[in-house]
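Q: Pasting a predicted model and its sequence here:
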Amino acid sequence: MDNRFQGLGVALVTPFLPDGTIDQAALSRVIDHQISRGIDYLVVMGTTGESVTLNGPEKKQLLDLVRAGVNGRVPLVLGVGGNNTMAVLEALKGFNMDGVAAILSVSPYYNKPTQEGIYQHYKAIAGASTRPIILYNVPGRTMSNMAAETTLRLARDCKNIIGIKEASGNLDQIGLILKHRPKDFLVISGDDALTLPILAMGGDGVISVVGNALPEEFARLVHAAMKGDMKTAREEHLRLIELISLLFVEGNPGGIKEVMKYLGLCENHMRLPLVPVGEATRNKLHRALADAELVKR
């Protein structure tokens, strides 16, 4: 098993300036905030990073900035996915992969492919990628679930497919993958709120949203659970669960960017069609931070 991707991975936000360009100073600050507080690896250009609103040159710029900011301190995972297999293969060729440890690739969305189509999509990516691949199943966004059987088939057939970020929210499905996976195949939570139960079943960690703002606290939960210290993990889970649930009531990354603004890490600027959370949600997030004793009242 590739233990570089066990523990706490963070799906990095992309801070923007008011004019919509990348806020390089804030990006550097956020990266240092996370690495200095115990995360295990970073994921750039995932959903939380608003990757679908970035054009080709901006994606290359962002990767260069993050690679320089990380500077080899933790492994770096690059999000490269889509619903056009040939376009994904072309995108893989277009990135400088220096310093990139693995690829995170979302299951094809909108097209609603069959399980065979999903399998063939990932098989083609596996054949073209120079880096290990982590599958990403998030049917709430793709409108197409990748069945446990498809995940396991890919795990057995493609040696450079090393794991899955599972965000189906279906613990039965995740349990089946855990039960039948090859011994070196990673099962990573894609839901902050389900991290503890997935770890309790034998999962390998999480790719987190809340870790952008609270890496130390969420790392404590993840690392305690992985060591079998369920008392500490449970305490942190219950401490953070209300905040985590509120992060997503108006979509991601609106919630986490509001929290990060409140903590002084970056502004909450986003690119259309995404907009900042409304006043009611903002107030609830601030109260949840205070209730969890993460900020002063």
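A: Yes, it's here. The model shown is predicted, which means the values in this text are computed figures rather than measured ones.

Q: Helix or strand: which one has residue 91?
A: Using DSSP states H and E, residue 91 falls within helix 85-94.

Q: then the helix or strand following that helix to PDB, C-alphas only?
A: Later in the chain than helix 85-94, the nearest helix or strand by DSSP H and E is strand 102-106. Once non-C-alpha atoms are left out, strand 102-106 reads as follows in PDB (Å, rounded to 0.1, in the frame of the first residue of the first chain):
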ATOM      1  CA  ALA A 102      -0.500  10.900  -7.900                       C
ATOM      2  CA  ILE A 103      -3.500  11.800 -10.000                       C
ATOM      3  CA  LEU A 104      -7.100  12.100  -8.500                       C
ATOM      4  CA  SER A 105      -9.600  11.600 -11.300                       C
ATOM      5  CA  VAL A 106     -13.300  12.000 -10.900                       C
END
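
Q: Now do strand 102-106 against helix 85-94, angle only.
A: Interaxial angle of strand 102-106 relative to helix 85-94 (axes from the mean of the first three to the mean of the last three C-alpha atoms, to 10 degrees): 160 degrees.

Q: List the contacts of strand 102-106.
A: Contacts with strand 102-106, where a contact means C-beta atoms under 8 Å, 6 or more residues apart in numbering, come from 2, 4-5, 43, 46-47, 75, 77-82, 88, 92, 122, 125, 129, 131-136, 138, 141-142, 162, 165, 207. C-beta: built from backbone N, CA, C; applies to glycine.

Q: Can you tell me the strand partners of that strand and which way each runs?
A: strand 76-79 (parallel), strand 133-137 (parallel) (DSSP bridges).

Q: Any idea which of those gets closest to residue 198?
A: strand 133-137 (12.9 Å; C-beta to C-beta).

Q: From the chain's centroid, how far away is that closest one?
A: On the basis of C-alpha atoms, centre = their mean, to the nearest Å, strand 133-137 sits 10 Å off its chain's mean C-alpha point.

Q: One more: stretch 264-271?
A: Here the centre of stretch 264-271 is set off from its chain's centre by 18 Å, with C-alpha atoms, centre = their mean.

Q: quick one: low-confidence parts of this protein?
A: For the chain, the stretches flagged by pLDDT under 70 are 296-297.

Q: how about the strands of the stretch 101-250 of the chain, start to end?
A: Remark: strands assigned in the stretch 101-250 of the chain by DSSP state E, counting those that start in this stretch are 102-106, 133-137, 161-166, 186-189, 205-208.

Q: possible to save those strands as CSV with distance to residue 152?
A: Formatted as CSV, the strands of the stretch 101-250 of the chain follow (distance: least, C-beta to C-beta, whole Å):
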stretch, distance to residue 152
strand 102-106, 17
strand 133-137, 11
strand 161-166, 10
strand 186-189, 11
strand 205-208, 19
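
Q: could these be laid out in TSV, adding mean neighbour count and distance to residue 147?
A: Formatted as TSV, the strands of the stretch 101-250 of the chain follow (neighbours: other C-beta atoms under 10 Å; distance: least, C-beta to C-beta, whole Å):
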stretch	mean neighbour count	distance to residue 147
strand 102-106	25	16
strand 133-137	25	9
strand 161-166	26	12
strand 186-189	24	15
strand 205-208	28	21
